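Engineer: sequence? don't have it. structure:
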Ligand code: THU
């Protein structure tokens, strides 16, 4: 397993993981987190080569807070759609953070099982970050 500090290559795209980690940390600077105090940033390489990012946006009604990955999903759609190819999440201090369970499902929807994630165990595909995932194939045809 390659270390989380290496540069990975997918079929067609060179992934600059350090740039993604840096983008995630920068996005975290924009967090609105008066309740938890944890700035979270997410950044993703998309299948057309652009990068999108997001930060957490908390709410006085605690359960309504938005995770960084969720605002990033909005940014993906807002800036042209496409798919997540590689994702990194960082705190404002630069620590690696893993997407929470709900966010893994959100990432899976827009990146699928092959989307790569920066984890403490190295770069892993979503198929390992969210094994046996629920996906559209379980829905009745419409
Ligand atoms: N948070 C995220 O933004 N993404 C995650 O995957 C985990 C948690 C945020 C939510 C909340 O604003 C803060 O981190 C503390 O839980």
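Structural biologist: In hand now; what should we look at? These numbers come from a predicted model, not from an experiment. Numbers count the residues shown, from 1 in each chain.

Engineer: Which parts of this protein are helices?
Structural biologist: Assigned helices in the chain, in chain order: 17-28, 68-78, 101-111, 126-129 (criterion: DSSP state H).

Engineer: what helices or strands is the shortest one leaning on?
Structural biologist: Spelled out, that is helix 126-129. helix 101-111, strand 116-119 (3 or more Cβ pairs under 8 Å, 6 or more residues apart in numbering; DSSP states H and E). The way it works is simple: take the backbone N, C-alpha and C, and place the C-beta from them, glycine included.

Engineer: can you give me the mean pLDDT across the longest one?
Structural biologist: I take that to be helix 101-111. Averaged over helix 101-111, pLDDT sits at 98.

Engineer: of all the helices of the chain, which lies closest to residue 53?
Structural biologist: Closest approach to residue 53 among the helices of the chain (Cβ to Cβ): helix 17-28, 3.9 Å.

Engineer: between that closest one and helix 68-78, how many degrees?
Structural biologist: 100 degrees (axes from the mean of the first three to the mean of the last three Cα atoms, to 10 degrees).

Engineer: Is the ligand within reach of helix 17-28?
Structural biologist: No: interface with the ligand: helix 17-28 contributes nothing (Cβ under 6 Å from any ligand atom), its closest point being 8.8 Å away.
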